[in-house]
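Enquirer: Below are the sequence and a predicted model; questions follow.
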Amino acid sequence: MTKSTKTLIGIVVVLGAIFVIQRLTSSNSTTTTLKPFAKIDTSQINSIAIDFSKNIVMSRASGGWEVTWPVKSPASMSQISMFLVRIATNPTATVVANDLKDSVAYGLVSSSPMVMLKENNGKSLSFRLGNITPDFNGCYMQVKGDKRVLELSTNFRTMAGQSLTDWRDKEIFTVHLSNIAAADFSVGDTLYHFFKSDTLWKVNNVAVPKETAQNIIESLLDTRATGFVDTATHVTNHLMEYGITLNNKEHFAGTLFQLSGRVCLTNTATNQTYVVSSMLPQTLDQSLRNLHKIYLTRVRS
């Protein structure tokens, strides 16, 4: 065998070895990339169920979304929108394990958070959420019916883990000041009757600056809930009562009261009781006192 032949055989052997190593390396390092939400149309989702320490069900309603379990309440549109946008971005996922026995290592057990999405056409997707990834940017998940463990490129666990209060709408009043014809505030034995006539405002039939009247009413309308009281409550510790009459003659009312150290507010328009800022009754009371002192008392004298 000539020297050149030996050299050629050596080159072939080396190239063959390199080819085998590359194939083995490629086979072992290949990562399967998936799109677990690819077949979900967020515009068609009409139900979201999240079982994360507490089962929460939200359904699409006319004009928005509502929580239907464990209470019936308007849902937070901003929270729902973020949730749906997260799905609509169609995040990628990589397979990190192929065996069910490996699930526990990724925080995927029978008690792990479960999410179910349903569309109008009956199509659904259910998946379990495991631990957050070490970089906190993603989380592990397992699609129902698939034994593979996926590493999702977005942290769905933190979003799905929001409390019931977080999923509920914090807006108490949906009316605008321009829709209000009259407003009443009752503090103790004193009644303040706000009445709008054209562009003028009167309180107890006394003309007051428009800004003064509107600021007091808006301080109530701009109030947002910090929590909710879902059990039947017998209101005893009254702080203030209010009533609002709209231009179309619709009327709603409620009470500010204290309950277990919290300030609560009822609204007959929603039939709900909200926890609000402890400063609200003080702010309203002080504003009404100032109005009485500056405008109402001076007119009488």
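Expert: That came through, no problem.

Enquirer: For beta bridges, what are the partners of F228?
Expert: F228 has these beta-bridge partners by DSSP bridges: Y274.

Enquirer: So what would you say the end-to-end distance of stretch 241-257 is?
Expert: Stretch 241-257 has an end-to-end distance of 9 Å (criterion: Cα to Cα, to the nearest Å).

Enquirer: Run the chain-centre distance for that stretch.
Expert: Taking Cα atoms, centre = their mean, to the nearest Å, one finds stretch 241-257 lying 27 Å from the centre of the chain it belongs to.

Enquirer: Would you mark the buried spots in that stretch?
Expert: Using 16 or more other Cβ atoms under 10 Å as the test for burial, stretch 241-257 gives 241-245, 252, 254-257. Placement of C-beta: from N, CA and C, glycine included.

Enquirer: for stretch 287-299, same thing?
Expert: Within stretch 287-299, judged by 16+ other Cβ under 10 Å, the buried ones are 287-288, 291-292, 295-296.

Enquirer: What of stretch 254-272?
Expert: Of all the residues in stretch 254-272, those buried under the rule 16+ other Cβ under 10 Å are 254-257, 263-267, 269-270, 272.

Enquirer: can you put these in JSON lines and add distance to A183, pLDDT and secondary structure?
Expert: Converted to JSON lines, the buried residues of stretch 254-272 look like this (distance: Cβ to Cβ, whole Å; pLDDT from 0 to 100; DSSP: H, G, I helix; E, B strand; the rest coil):
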{"residue": "G254", "distance to A183": "12", "pLDDT": "96", "secondary structure": "strand"}
{"residue": "T255", "distance to A183": "15", "pLDDT": "96", "secondary structure": "strand"}
{"residue": "L256", "distance to A183": "14", "pLDDT": "97", "secondary structure": "strand"}
{"residue": "F257", "distance to A183": "19", "pLDDT": "96", "secondary structure": "strand"}
{"residue": "V263", "distance to A183": "20", "pLDDT": "97", "secondary structure": "strand"}
{"residue": "C264", "distance to A183": "20", "pLDDT": "97", "secondary structure": "strand"}
{"residue": "L265", "distance to A183": "15", "pLDDT": "97", "secondary structure": "strand"}
{"residue": "T266", "distance to A183": "16", "pLDDT": "96", "secondary structure": "strand"}
{"residue": "N267", "distance to A183": "14", "pLDDT": "96", "secondary structure": "strand"}
{"residue": "A269", "distance to A183": "14", "pLDDT": "94", "secondary structure": "coil"}
{"residue": "T270", "distance to A183": "18", "pLDDT": "91", "secondary structure": "coil"}
{"residue": "Q272", "distance to A183": "20", "pLDDT": "93", "secondary structure": "strand"}
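
Enquirer: Now flag whichever of those is closest to V208.
Expert: Set against V208, the nearest of the buried residues of stretch 254-272 by Cβ to Cβ is L256 (22.0 Å).
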